Structure formats: structure tokens, C-alpha cells
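K.L.:
dropping a prediction and its sequence here:
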Amino acid sequence: MKQIFVLAVLALTTVSPLTAQRPTAPAPRPETKQEDKPKADPKAKAEPPISPLPKPVKLLLDSATTLNQSVSIKGVKVPYNVTVGTQPVWDEAGKAIGGVFYTYYERSDIKDRATRPLVISFNGGPGTASVWMHLAYTGPKLLSIDSEGYPVQPYTVKENPNSILDIADIVYIDPINTGYSRPADKDVPKSKFFGTNVDIKYLADWLNTFVSRRNRWLSPKYLIGESYGTNRVSGLALELQNANWMYLNGVILVSPTNLGIDRKGPVGDANMLPYYAATAWHHKVLASDLQQKDLVQMLPEVEQFTTFELIPALAMGGTLEPAKRKEIAGKIARYSGLSEKVVLEHNLVIPAQFFWKELLRDKGRTVGRLDSRYLGIDSEDAGEKPDYAPELTSWLHSFTPPINYYFREVLNYKTDLKYYMFGPVHPWSRTGDDTDKTGENLRQAMAQNPYLHLLVQSGYYDGACDYFNAQNNMWQMDPSGKLKSRMDWKGYRSGHMMYLRQEDLVSANNDLRDFIKKATPKRGQPAKY
């Protein structure tokens with residue numbers, strides 16, 4: 001049964017009176033039908049365009065379309081309702097200034113929402129849509145890729161037997177200028193949306209409305225964010241708690257950034273080495289004694305060297321004795337797969353872009369930034385950095401056809417808007433009131449809320465948000481160690497989007513299930529220290 005609710009329709013350059021003021025409560029709306037596209041005459045001759053200007057596109061600032069579907073998860077049929085639509089963003093005066101697109105999955109054979117977890121999902125960029133985790137990780141549908149995450153044809157979507165929809169409802173949210181989300185018109189200031197903390201504030205207000213409309217205030221709630229989405233959900237944890245009085249049970253950080261935690265200097269320079277070692281191990285360029293060890297048996301040796309030898313050596317700078325410098329360079333070369341000569345030429349600090357170019361230079365290949373398992377081919381082998389990111393190109397190839405097909409043909413969401421895989425959100429404000437303190441925000445939220453747990457998921461081959469810095473985040477967020485019983489870290493043998501590898505898709509979703517169950521308190525269990 002399909003239901004369509006439309007509260008307001010906005011043209012690109014006009015404000016509808018129906019959305020001019022924020023409603024005090026969502027009232028029932030009459031059922032309407034989306035406009036049918038006129039069917040073209042197959043015999044008609046195409047006319048040349050009169051004007052190069054794009055045709056007007058209608059924005060639905062407040063709409064919802066619901067379908068009933070089902071999925072088999074771990075051998076059990078799970079019926080669900082999926083709602084796609086937009087919900088407004090209002091400014092301080094109650095005027096609608098944008099529409100945020102979302103996809104909401106709700107298991108339909110469970111009536112008690114008070115004990116049913118709600119997972120709220122964001123991706124990052126900033127400027128990318130929620131498509132990645134939606135169609136490849138936690139949702140009930142899965143794009144078609146091979147077992148290691150590479151594109152295959154024909155493009156299609158299929159059931160995800162590892163989805164977490166069996167234990168939690170999920171909403172995937174596209175911030176403004178990602179996916180189908182847009183500002184209400186061209187005159188809305190960019191400063192309303194595009195900055196570290198303004199992004200957090202408007203999305204927190206948006207979530208308050210969403211939770212109210214969907215009657216989910218009683219539900220245990222979890223935020224999951226990937227990449228820059230980890231900044232977003234870390235900041236949201238405190239903003240929801242302090243400004244909206246919405247208390248969470250868990251935050252999940254998938255491939256986290258540094259969360260505003262300063263790591264300049266020797267620590268930041270040294271911490272990439274364990275990632276370099278993992279990548280070199282994967283491509284089988286390490287010394288035989290290291291190569292014959294399993295990845296997770298080899299890495300602790302590199303981590304120990306990084307923490308107790310490399311960081312102190314880099315802190316000494318030019319005062320480091322030549323013999324010690326050569327010793328340290330030899331160990332960096334041993335663990336990174338690079339030559340000692342190259343390490344010395346870089347004063348013991350290997351830039352990441354140079355590493356991606358240098359590691360397999362003799363084979364005429366580069367390695368990927370977000371996932372070093374992926375290989376690229378440059379116009380020439382010389383140079384200091386790769387020509388392009390082979391992993392990101394591969395992912396856009398894999399995801400763009402199926403997400404457009406899924407919304408338009410499976411969920412019957414018809415629009416002439418382009419689905420922004422990456423949208424225009426720059427310049428993104430990161431200074432002044434938008435200074436990034438999201439790691440500290442998350443620490444404060446956890447300190448204030450004894451229910452709040454943290455799970456961090458990292459891919460060993462991620463060179464943009466590497467696993468060792470993700471662990472370092474947790475150490476720096478909790479210098480006293482008083483929160484560590486509520487913090488968990490999991491590593492996977494893939495990259496930034498670890499779930500693209502079939503084996504990690506299974507284990508990562510199982511880790512999510514275990515975390516949600518652990519962080520959902522027993523009935524009557526008090527939130528106290």
C-alpha cells in the first residue's frame with residue numbers, strides 16, 4: 001500500500017505560503033498523487049532546444065511516500081515499511097529554508113517502539129550522501145559488487161541478508177546539497193548549512209522534528225557516521241543532549257577523522273606508519289619474516305615502534321644523532337616497504353601521497369588513498385603523488401547506477417533532481433564558531449550520559465582515516481581512562497568502507513548487532529555512576 005503525504009511544494013525561486021511558517025504540530029494530510037510525467041510520442045521528431053537554460057525543477061520540501069516490503073535476514077523473513085521523502089529545515093523565524101531527503105526503514109511486525117532501537121545514519125565528505133552505508137552496509141538492499149568490492153555488471157540491487165533491520169529501525173539522512181536535499185531557493189545563505197557546527201545544529205533540530213513525527217521519543221537511539229560523518233555524529237551527540245534533551249544509547253564511528261583532536265608534529269607524522277605497514281603487507285613487499293606473519297600478528301610490532309621509538313626520535317628533530325637517525329630510517333623502511341634512502345631523503349617523515357605513489361612505483365602502479373587494495377595507473381611513473389584516486393572512481397562506478405535505479409524504480413520516487421553523490425557544499429566553515437571540537441563534544445556527552453556507549457570501526461587499509469589514529473582518538477578523548485569500559489574498537493581487513501569486502505560486511509554487521517544489544521540497557525536499569 002503506497003501512501004503519499006505532501007505538505008508543501010516549492011519552486012526553485014519561490015517560497016510557498018504553506019511552508020512559510022513552521023507548524024506547531026504535524027497534522028494529518030490528505031492523500032495525493034505525484035504528478036505523472038507526460039508520455040512522449042515514440043514517433044514524434046525531437047525538436048532542438050530553444051534555450052540552454054535548465055528546465056525548472058520542483059522541490060518537495062515536505063513529502064513522504066511509504067511502501068511495504070520484506071527482506072530475508074539470516075534466514076528469517078523481516079517485513080518492513082520504507083518511507084522516502086523530505087522534511088523541512090526551518091530558520092529562527094519559522095521559515096522553511098531547505099528540504100532534507102531521508103529514507104526510513106521500520107520493521108512492520110513489531111508494535112512496541114519503546115524497546116525497538118532506532119539507528120540514525122549519516123555519511124560525510126562533507127558533501128556526500130548517505131548512499132554508501134545505505135546500499136552497501138546496514139540497509140535491507142545491497143548493490144551488486146564482487147566479494148572484494150569491485151564493480152560488476154549488470155548493475156542491480158538485491159537483498160542484504162546481513163542488514164541490521166532485524167534488530168533496529170534505520171533512517172538514512174542526506175544533509176543539504178547531498179542526495180536529493182536542497183536549499184529552499186538560491187537566496188538562502190550558505191552559512192545556514194555549510195560549516196562544522198551550523199551543520200550539527202540544523203540537523204539536530206531536524207532530528208527533533210523527525211523523532212516527534214515518527215513517535216520515536218521512547219526508543220533507544222543510536223547515531224552512526226562514516227568519515228566526516230563521524231565529526232557530525234560526535235557533535236550531534238552533545239547537541240541533541242544539551243539543546244534538544246534527546247539522550248542516546250550509542251554512537252558508532254565508521255572510519256573516523258581526527259574529530260578536531262590536534263595531532264600536529266611528531267605524533268601526527270609518526271602515526272601513519274602502522275597503516276603503511278598494513279598496506280605493504282597486503283601487497284607483499286615486506287621482508288619475509290614480517291610477510292609470513294598474519295596481519296594482526298605483525299602490526300603490534302609496528303605500533304610499539306611507532307609509539308616508543310619513532311615519536312621520540314621525531315621530537316628530537318635535527319638533534320638526533322646520525323647513527324640513531326640511520327637506525328630509525330632502517331626500521332621505517334623495514335615496516336613501510338620503502339627504501340632506507342627514500343626515508344632519509346624525507347627526514348624520516350613519509351608524506352601519505354608520496355607513499356601511495358612510491359610503494360609500487362617499480363611495478364607501474366599506485367595504491368588507493370581510501371583503500372590501498374585498489375591500484376591505479378598514472379600517465380607516468382615519475383612524480384610525488386598519484387594522478388587520481390582509483391578506489392573512489394571504482395566506488396562511484398559501483399554505487400551511482402544502482403542508487404538512482406533503486407529510488408526511481410524500486411521505491412518509485414520520481415524527480416528530475418540530480419542525486420548528488422557529492423554536492424556543492426564548499427567553502428565549508430571550520431573556523432571561529434565552526435571550530436571543530438567534535439571529539440571533545442562526544443567525550444562530554446559520554447561523561448554526562450552513563451547510558452552512552454561508543455563503537456569505532458576501522459579498515460586497516462584506509463589511508464585517509466587510518467586505524468591507528470582512530471585508536472589514538474579514543475586515547476586522547478579519554479585521558480583519565482574512566483570511559484574506556486564504554487568504548488570499543490574493531491578492525492577489518494579492508495579500507496574506508498570495510499563493508500564492501502564480503503567477509504567484513506558479515507563481521508561488521510555482527511559487531512553492530514552486538515554493540516546495539518550491549519548498549520541497550522535492561523528494563524529498569526538506571527543511568528547512573
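P.N.:
Good, I have the coordinates.
K.L.:
which strands or helices does the helix or strand encompassing residue 316 pack on?
P.N.:
Using DSSP states H and E, residue 316 sits in helix 311-316. Secondary-structure packing of helix 311-316 (3 or more Cβ pairs under 8 Å, 6 or more residues apart in numbering; DSSP states H and E): helix 266-270, helix 322-336. Glycine gets a C-beta too; all of them are placed from N, C-alpha and C.
K.L.:
dump those to a markdown table, plus mean neighbour count and mean pLDDT.
P.N.:
Output for those, formatted as a markdown table (neighbours: other Cβ atoms under 10 Å; pLDDT from 0 to 100):
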| stretch | mean neighbour count | mean pLDDT |
| --- | --- | --- |
| helix 266-270 | 19 | 96 |
| helix 322-336 | 18 | 98 |
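K.L.:
mind putting those helices into a markdown table with distance to residue 140?
P.N.:
Shown next, in a markdown table, are the helices and strands packed on helix 311-316 (distance: least, Cβ to Cβ, whole Å):
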| stretch | distance to residue 140 |
| --- | --- |
| helix 266-270 | 40 |
| helix 322-336 | 41 |
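K.L.:
do you know which of these lies nearest residue 514?
P.N.:
Nearest to residue 514, of all the helices and strands packed on helix 311-316, is helix 266-270, at 31.3 Å by Cβ to Cβ.
K.L.:
from the contact counts, what lies against the closest one?
P.N.:
By 3+ Cβ pairs under 8 Å, 6+ apart, helix 266-270 packs against helix 311-316.
K.L.:
for the most centrally placed residue in the chain, give me its contacts.
P.N.:
Nearest to the geometric centre of the chain sits residue 226, at 2.3 Å (Cα atoms, centre = their mean). With contact set as Cβ atoms under 8 Å, 6 or more residues apart in numbering, residue 226 has these partners: 122, 123, 124, 132, 133, 254, 255, 496, 497.
K.L.:
roughly how far does the nearest residue to it once chain neighbours are set aside sit from residue 71?
P.N.:
Sequence neighbours aside, residue 254 is the residue nearest to residue 226 in space, at 4.0 Å (criterion: Cβ to Cβ, 6 or more residues apart in numbering). Going from residue 254 to residue 71 by Cβ to Cβ, to the nearest Å gives 22 Å.
K.L.:
neighbour count: those two, which is higher?
P.N.:
Using other Cβ atoms under 10 Å as the criterion, residue 254 and residue 71 rank with residue 254 on top: 32 against 22.
K.L.:
now the more buried one: phi and psi?
P.N.:
Backbone geometry at residue 254, expressed as degrees, to the nearest 10, gives phi -100, psi 120.
K.L.:
that one against residue 224, yeah?
P.N.:
Yes - assessed by Cβ atoms under 8 Å, residue 254 is found in contact with residue 224 at 6.6 Å.
K.L.:
got any residues that touch both of these two?
P.N.:
Common neighbours of residue 254 and residue 224 (Cβ under 8 Å, 6+ apart) are residue 133.
K.L.:
who are the contact partners of residue 334?
P.N.:
286, 287, 290.
K.L.:
try residue 203
P.N.:
Going by Cβ under 8 Å, 6+ apart, residue 203 touches 100, 122, 173, 175, 232, 236.
K.L.:
give me the subset of those residues lying in strands.
P.N.:
100, 122, 173 (DSSP state E).
K.L.:
highest neighbour count among those?
P.N.:
Counting by other Cβ under 10 Å, top hit in the ones in strands among the contacts of residue 203: residue 122 with 29 neighbours.
K.L.:
hmm, that residue is touching residue 173, no?
P.N.:
Yes - using Cβ under 8 Å, residue 122 is in contact with residue 173, at 5.8 Å.
K.L.:
related to what we said a few turns ago, make CSV out of the ones in strands among the contacts of residue 203 and add distance to residue 486 and pLDDT.
P.N.:
Supplementary listing: the ones in strands among the contacts of residue 203 in CSV, determined by distance: Cβ to Cβ, whole Å; pLDDT from 0 to 100:
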residue, distance to residue 486, pLDDT
100, 30, 98
122, 21, 98
173, 25, 98
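K.L.:
residue 236 versus residue 443, what's the distance?
P.N.:
14 Å.
K.L.:
for the closest residue to residue 132 other than its chain neighbours, give me its contacts.
P.N.:
Counting by Cβ to Cβ, 6+ apart, residue 132 lies nearest to residue 123, which is 5.3 Å off, once chain neighbours are set aside. Contacts for residue 123 (Cβ under 8 Å, 6+ apart) come out as 129, 130, 131, 132, 133, 178, 225, 226, 227, 228, 229.
K.L.:
and what of residue 514?
P.N.:
Taking Cβ under 8 Å, 6+ apart, one finds nothing in contact with residue 514.
K.L.:
tell me the pLDDT at it?
P.N.:
Residue 514 carries a pLDDT value of 98.
K.L.:
that one sits in which helix or strand?
P.N.:
Assigned by DSSP H and E, residue 514 falls in helix 502-519.
K.L.:
picking that back up, overlap of the contact sets of residue 122 and residue 173?
P.N.:
Contacts common to residue 122 and residue 173, judged by Cβ under 8 Å, 6+ apart, are 130, 203.
K.L.:
next, residue 435: phi, psi?
P.N.:
Dihedral angles for residue 435 - degrees, to the nearest 10 - are phi -60, psi 130.
K.L.:
number of nearby residues for it?
P.N.:
13.
K.L.:
test my guess that it contacts residue 260.
P.N.:
Yes - in this structure residue 435 lies within contact range of residue 260 using Cβ under 8 Å: 7.4 Å.
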